[in-house]
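**Q** fold the following and give me the result.
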Amino acid sequence: MPSKSLEMQVLKRGRQRKRQVDLAEDATVQDILAKLAQLSGAPRSGLFVAEHRNAAKVRLFAGEAPVGNFEVGGLESVEELPEVIHVQRQKVSMQESEALELLDELLALYNQADIQQKVKELQQLFLTENRDRRHYGLRVDEIVQLQRLPVLEKHGLRSVTDMYKAFEGPLNEDPRLIAKQAEIYTTLGQDLTWLPAKET
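**A** Take a look at the predicted model:
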């Protein structure tokens with residue numbers, strides 16, 4: 001059973017023919033566009049989804065899901081599409097260039113002054129209150145998770161867990177990705193080098 005059934009039309013002025021989209025619970029815009037590209041033969045890179053939110057029409061990120069009826073840009077019509085389109089969640093995968101772009105964006109976010117200030121304050125708490133260092137990763141994740149989400153969604157991801165799944169396979173052994181992730185760990189203090197030497 002689909003999580004929800006929505007109406008879809010092409011992004012044009014005036015009255016348009018519509019199609020029903022049965023969207024699985026965990027499916028996102030990325031999954032919708034992949035399905036439309038498969039059915040229509042249109043290039044995936046030229047497609048996008050928009051919907052009305054707060055009285056404005058907005059373009060959705062790949063990792064978002066439409067909450068109501070939506071429009072698709074990049075298609076001339078829906079005439080050749082099935083009356084009902086079933087969309088399931090697809091396994092997320094990435095090319096090396098996109099993975100590096102994602103990590104660069106996360107690194108830039110984590111280096112922002114406000115986040116770095118909170119990270120330093122957290123580290124000071126662990127030092128002065130002798131907190132269990134095993135909890136540091138969870139605490140630092142709480143600092144960045146809300147600001148990190150739009151970056152992940154831009155790349156069709158919902159969580160860091162999704163990101164690591166997308167990195168499975170050859171990307172896990174890519175030296176540039178390994179180096180970039182190590183830089184992120186250092187930036188957030190997850191390598192624990194800020195602890196006194198006898199505690200690391």
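**Q** who's in contact with L75?
**A** Counting by CB atoms under 8 Å, 6 or more residues apart in numbering, L75 touches 10, 36, 40, 42, 47. Glycine gets a C-beta too; all of them are placed from N, C-alpha and C.
**Q** thought the third one was touching E80?
**A** Yes. Using CB atoms under 8 Å, S40 makes contact with E80 at a distance of 6.6 Å.
**Q** end to end, how far does stretch 147-164 reach?
**A** This stretch, stretch 147-164, spans 18 Å end to end (CA to CA, to the nearest Å).
**Q** most neighbours among the contacts of L75, please name it.
**A** Tallying neighbours with other CB atoms under 10 Å puts L36 at the head of those, with 24 neighbours.
**Q** check what pLDDT that residue gets.
**A** Looking at L36, its pLDDT reads 93.
**Q** now the strands: where do they sit in the chain?
**A** Assigned by DSSP state E, the strands in the chain fall at 4-10, 19-23, 48-53, 56-59, 70-73, 84-87.
**Q** for P150, which of these is the nearest?
**A** Smallest distance to P150 across these (CB to CB): 13.0 Å, for strand 56-59.
**Q** against K165, how distant is K12?
**A** 37 Å (CB to CB, to the nearest Å).
**Q** contacting residues for L125?
**A** By CB under 8 Å, 6+ apart, L125 lies in contact with R131.
**Q** 10 Å - rerun?
**A** Listed by CB atoms under 10 Å, 6 or more residues apart in numbering, the contact set of L125 reads 131, 136, 139.
**Q** spatially nearest residue to the second one, not counting backbone neighbours?
**A** Going back to what we said before, that points to Y136. Using CB to CB, 6 or more residues apart in numbering and skipping residues adjacent in sequence, the residue nearest Y136 is F126, 6.0 Å away.
**Q** repeat for the last one
**A** Of all residues beyond its chain neighbours, the one nearest R139 is L122 (5.7 Å), with distances taken as CB to CB, 6+ apart.
**Q** just checking, the one you found touches R131?
**A** Yes. Counting by CB atoms under 10 Å, L122 touches R131, with 9.4 Å between them.
**Q** the two - which one has more neighbours?
**A** L122 (19 against 13).
**Q** how close does that one get to A179?
**A** Applying CB to CB, one obtains 25 Å for the distance of L122 from A179.
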